[in-house]
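Colleague: Sequence and predicted structure below; questions after.
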Amino acid sequence: MTDEVDDGTTATDLAERRGQETKVYQPAEDSGLLADAAKEFARGRTLEVGTGSGWVAEQVAPQVPEVVAADVNPHACRQARERGIETVRTNLTDAFADGSFETVLFNPPYLPTDPENEWDDWMEQALSGGESGRELIEPFLDDLGRVLAPGGQALLLVSSLAGYEEVEELARDDGFVPEEVRQESYPFETLSILRLTRFTLCGKPSAGRIE
Amino acid sequence: MKESLMEIVCCPMDKHDLELDADERDDGEIISGTLTCTDCGESYPIEDGIPNLLPPDMRDGA
C-alpha cells in the first residue's frame, strides 16, 4: 500500500491497474515486512488477523506449532484455506476464546479514507482504515489483551499514514509496551512493525540491563 | 477445520463455548456442520471447512 492515493484514485483502481483481483488483498511490501518480523519473533500458537490471501500465515507456519488465520472476507478465507492454513471467518478477534494465542499478527487496513469517497466492496474493507486510518486498529487493540495468553505478544504493522505516534499511544492506553522491531521507508509512507507485549512485574522493559 | 480448533473458538457475541455438530468429515477435518453456542443458542455454519463465526447480522454477503 505504498502507492500515491492523493489524486482521487481509489485502491480498487490501483488493484485493477496492477492487474490483480479486486476481492482479496494480495501480498505487498507491508505483508513482506510483517512476515520478516514474524519469522524472527513468532512463537507458540499464532493467529493472523485479517489474513487476506493467507500469505503471511503461510510464511510463519513452518516455525510455530500452530497457525490460525482469520478474516471477515469470505474470499480471503477461501484463499487462506487453499494454502493449507486453518481459517476462521470472523471480525478481528471476536470469535476466539480468552488466552488462546502466544502470538497475534495483524497488517490492518490503514489507508485514511474520506467517508464520501468510500466505495464499499471487499477490497475497500481490506484497505480503508476509515477517516483516521485507525478505525480497525483501535478495536483490535481493545480486544487483543483478551485473546493473548500470559506473556503473549502481537506484531502490528503501522504505516505513517495512520499515524505512528497515535497508534503507539492507543497501544499504551490498552496496557501494552510498544517496541519498534522493523522500519522501512517508501516514497509516500514509512512502514513499521510494532511488537506489543504486556507490562510485567519482573524486569521493566525500559529499565535497560536486568541485574 | 480440525476438531482441535474447538479449544480456541467461541461465540463471537457472548464468548461462551460452542458445541460442534459435524455433517461431513474428510481426512480428520470437518468440512461442513454447525457450531452452536452453549449459552445463547445461536448457531454458526461450517462450510467448505471454514467456520463462519460472524454474528447473524454480519453473516450475509459473499
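Modeller: Great, that's in hand.
Colleague: give me every residue that touches the residue in chain A positioned nearest to chain B.
Modeller: Chain B sits closest to residue A:95 of chain A, with a gap of 3.5 Å, by C-beta to the nearest C-beta. Backbone N, C-alpha and C define where each C-beta goes, glycine included. By C-beta atoms under 8 Å, 6 or more residues apart in numbering or on different chains, residue A:95 lies in contact with A:70, A:88, B:9, B:10, B:11, B:12, B:51, B:53.
Colleague: Flag the shaky bits of chain B, pLDDT-wise.
Modeller: Scanning chain B for pLDDT under 70 picks out the ranges B:60-62.
Colleague: Repeat that for chain A.
Modeller: Using pLDDT under 70, chain A drops low at A:1-21, A:119, A:200-211.
Colleague: and the gap between residue A:198 and residue A:48?
Modeller: 20 Å (C-beta to C-beta, to the nearest Å).
Colleague: residues from chain B in reach of chain A?
Modeller: B:1-2, B:5, B:7-12, B:15, B:17, B:48-55, B:58, B:61-62 (C-beta under 8 Å from any C-beta of the partner chain).
Colleague: Now restrict those to buried residues only.
Modeller: B:1, B:5, B:8-12, B:49-54 (16 or more other C-beta atoms under 10 Å in any protein chain shown).
Colleague: What strand or helix carries residue A:156?
Modeller: According to DSSP states H and E, residue A:156 maps onto strand A:148-159.
Colleague: related to what we said a few turns ago, quick check: the farthest pair among the contacts of residue A:95?
Modeller: A:70 and B:11 (15.0 Å; C-beta to C-beta).
Colleague: In this structure residue A:55 contacts residue A:31, no?
Modeller: Yes - contact criterion C-beta atoms under 8 Å: residue A:55 and residue A:31 qualify, at 5.8 Å.
Colleague: what about these two, which has more around it?
Modeller: residue A:55 (23 against 20; other C-beta atoms under 10 Å in any protein chain shown).
Colleague: any idea where the strands of chain A begin and end?
Modeller: A:46-49, A:67-71, A:86-89, A:101-106, A:148-159, A:176-186, A:189-198 (DSSP state E).
Colleague: Brilliant, that's me finished.
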